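Trainee: Here you go, sequence then predicted model.
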Amino acid sequence: MATGSFQAQPLWSSGPVPGEIYNFPASKPASDARSHTLYPSTSGTTVLGLQYDGGVMIAADTLGSYGSLARFRNIKRLFKVTDKAVLACSGDIADYQFIKEVIEQKVRDDECGGYTRVLNAGALHCWLTRVLYNRRSRFDPLWLECVVAGYKDDKPFLGYVDKIGTAFEAKEVATGYGLHLAIPMMREAREKKPNMSRDDARKSIEECLKVLYYRDCRAFYKYQLADVTPEGVTILDDIDMKKETNWNIAHHIRGYE
């Protein structure tokens with residue numbers, strides 16, 4: 001029997017070598033590994049989006065939770081991208097601030113380049129899908145659930161993208177705990193009024209936010225509301241619903257202390 005060391009060959013060019021640890025090409029080497037976004041420290045909760053007859057409305061509260069601590073109470077998680085697009089995110093606040101800066105720079109580059117076509121909600125939604133899937137494929141995800149509202153081809157648009165690139169369009173969208181509580185409420189409101197008006201949409205969103213404030217320990221009573229119409233974007237900041245809530249029966253609840 002021949003003696004001596006045997007050097008295994010890669011299974012294919014630049015591929016894995018049998019019996020050795022394989023470094024995926026798109027991943028970072030172990031010495032440069034980072035795990036900041038794998039464990040978000042400060043996070044935001046539900047974002048709600050609802051289409052109505054002639055526009056789109058989205059809302060998000062202003063709380064940044066440090067674990068279970070209501071640490072930051074004036075965090076803006078909703079911003080105007082262009083006159084045809086608004087973005088709101090739940091998840092890691094640091095990742096939201098990062099993607100916000102990238103998008104704002106993208107819009108400035110378009111303006112400086114003299115592009116006449118304005119970035120609309122459909123294009124932003126498609127771009128976010130590619131970016132978030134790319135980061136997920138590099139094992140360095142942006143820990144976000146994004147809601148994009150606005151217009152695409154002069155029609156109302158409402159879309160969702162999450163941290164692994166899952167994306168869809170719908171007339172009612174929610175992230176976080178709102179997926180379980182708010183979506184059924186908004187769908188019921190649409191069943192009652194198929195041609196939902198702006199006032200109907202706002203009433204439905206406010207009712208959902210109130211229920212989330214009651215039930216979600218990461219929710220807050222102050223929120224932002226954006227209304228996107230063909231005329232442009234209107235954002236209302238620091239809306240306070242604390243006076244509209246009623247906690248008279250709270251002392252009857254036991255077992256959750």
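Mentor: Looks like it came in fine. Residues are numbered from 1 along each chain as shown.
Trainee: Residue 153 touches residue 122, doesn't it?
Mentor: Yes: contact between residue 153 and residue 122 holds when scored by Cβ atoms under 8 Å: they sit 7.1 Å apart. Using the backbone N, CA and C atoms, a C-beta is placed for each residue, glycine as well.
Trainee: Enumerate every residue touching the residue lying closest to residue 157 once chain neighbours are set aside.
Mentor: On the basis of Cβ to Cβ, 6 or more residues apart in numbering, the spatially nearest residue to residue 157 that is not a chain neighbour turns out to be residue 121, at 4.2 Å. When the contact criterion is Cβ atoms under 8 Å, 6 or more residues apart in numbering, the partners of residue 121 are 56, 84-86, 148-152, 157-159, 228.
Trainee: again with residue 233
Mentor: With contacts defined as Cβ under 8 Å, 6+ apart, the neighbours of residue 233 are 80, 83, 86, 150, 226, 227.
Trainee: sec struct for the nearest residue to residue 182 once chain neighbours are set aside, please.
Mentor: Taking Cβ to Cβ, 6+ apart, and ignoring the residues beside it in sequence, residue 182 has residue 208 as its nearest neighbour in space, at 4.0 Å. Look at residue 208: counting by DSSP: H, G, I helix; E, B strand; the rest coil, its state is helix.
Trainee: what about the closest residue to residue 63 other than its chain neighbours, how many residues close to it?
Mentor: Computed as Cβ to Cβ, 6+ apart, the closest residue to residue 63 that is not its neighbour in sequence is residue 220, at 3.5 Å. Number of residues near residue 220 (other Cβ atoms under 10 Å) recorded here: 23.
Trainee: Surely residue 220 touches residue 72?
Mentor: No: with contact taken as Cβ under 8 Å, residue 220 and residue 72 are classed as non-touching, separated by 10.0 Å.
Trainee: intersection of neighbour lists for the two?
Mentor: Where contact means Cβ under 8 Å, 6+ apart, the residues bridging residue 220 and residue 72 through contact with each are residue 63.
Trainee: Quick one, which of the contacts of residue 121 are buried?
Mentor: In terms of neighbour count (16 or more other Cβ atoms under 10 Å), the buried residues within the contacts of residue 121 are 56, 84-86, 148-152, 157-159, 228.
Trainee: and the host helix or strand of residue 59, what other elements does it pack with?
Mentor: According to DSSP states H and E, residue 59 maps onto strand 55-61. Applying 3 or more Cβ pairs under 8 Å, 6 or more residues apart in numbering; DSSP states H and E, one finds that strand 55-61 makes contact with strand 47-52, strand 78-82, strand 85-92, strand 144-152, strand 155-162, helix 198-215, strand 222-229.
Trainee: Can you check which of those gets nearest to residue 176?
Mentor: If you check each of the helices and strands packed on strand 55-61 against residue 176 by Cβ to Cβ, strand 85-92 wins as the nearest, at 4.9 Å.
Trainee: okay, now residue 193: neighbour count?
Mentor: For residue 193, the tally of surrounding residues (other Cβ under 10 Å) stands at 13.
Trainee: Enumerate every residue touching it.
Mentor: Contacts of residue 193 were listed using Cβ under 8 Å, 6+ apart, and they are residue 200.
Trainee: Model confidence score at it, please.
Mentor: We have a pLDDT of 92 for residue 193.
Trainee: How about the one 10 residues further on?
Mentor: At residue 203 the predicted local confidence, pLDDT, stands at 95.
Trainee: Much appreciated, bye for now.
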